[in-house]
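Q: Sequence plus predicted model, see below.
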Amino acid sequence: MMKLSKTLLSGVIFSLLLLTMMSYENQAENLPSAKNITLESAEKKLNNNLKMYKIVWDDIINKREIDKINATNFDTSITLITSPENIVGIEGFKAYYQHYLTGFSDITFTLVDVFGQGNKIVKHWNFKGTHTGEFFGIAASGKQVDIDGVTLVKMKDGKIAQEQDFLDNLLFYRQLGLIPAD
């Protein structure tokens, strides 16, 4: 009888241990892992960057709020990758985009698509307007432009740190009347 009780007791203890282990295992599966927390944090950061980016550029171009180019939204060493040399710093960046606001009236700037990964954003945009003012030294032509482009962006600490624009300059210059259409 004693041997049966020990065997039964051992079986019960083993079963309880097994159930306890299974319970902890199930609880561990339901707990967020460090990897999941990191991915969720990265996704939240990206979504915040995308949201801020869209709002800032809508305000700068469509609402003509050039002062949104500031240390709140842009890294102080913001860099516009361009040729023949890069434009570095908030004031230079602001001066560059001021040419668009003074050179064109009735601007419509549309973000066709904006997406990203990590600290990088890709912006597909469309710019429409009438060339009614001086634009980088080019006298007003009265011509309308409608141009698509893509901008590669790098973010740093929730601020815009670098941009590089790609567009069909030949088409843009033709629309301005600077280059004859074939």
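A: Arrived safely.
Q: so who does residue 42 touch?
A: By CB atoms under 8 Å, 6 or more residues apart in numbering, the contact set of residue 42 is residue 118. (Each C-beta comes from the backbone N, C-alpha and C, glycine too.)
Q: Name the next helix or strand downstream of the helix or strand where it lies, please.
A: Using DSSP states H and E, residue 42 sits within helix 34-57. For helix 34-57, the following helix or strand on the C-terminal side (DSSP H and E) is strand 74-81.
Q: Could you name the helices and strands sitting against that next one?
A: Contact here means 3 or more CB pairs under 8 Å, 6 or more residues apart in numbering; DSSP states H and E; on that basis strand 74-81 packs against strand 87-88, helix 90-103, strand 159-167.
Q: Could I have the CA atoms of that strand written out in CSV?
A: Taking only C-alpha atoms (Å, rounded to 0.1, in the frame of the first residue of the first chain), the coordinates of strand 74-81 have been written out as CSV:
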residue,chain,number,x,y,z
PHE,A,74,14.1,70.0,-39.5
ASP,A,75,17.5,68.9,-38.2
THR,A,76,19.7,72.1,-37.9
SER,A,77,22.1,70.5,-40.4
ILE,A,78,19.4,69.6,-42.8
THR,A,79,21.0,68.7,-46.1
LEU,A,80,19.5,69.0,-49.6
ILE,A,81,21.5,66.8,-51.9
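Q: got the angle between that strand and helix 34-57?
A: Here strand 74-81 runs at an angle of 80 degrees relative to helix 34-57 (axes from the mean of the first three to the mean of the last three CA atoms, to 10 degrees).
Q: ok, and the helix or strand in this protein with the lowest average confidence?
A: helix 2-30 (a mean of 58; mean pLDDT, DSSP states H and E).
Q: The helices and strands packed on strand 74-81: which one's closest to residue 45?
A: Proximity to residue 45 (CB to CB) singles out strand 159-167 among the helices and strands packed on strand 74-81, at 12.2 Å.
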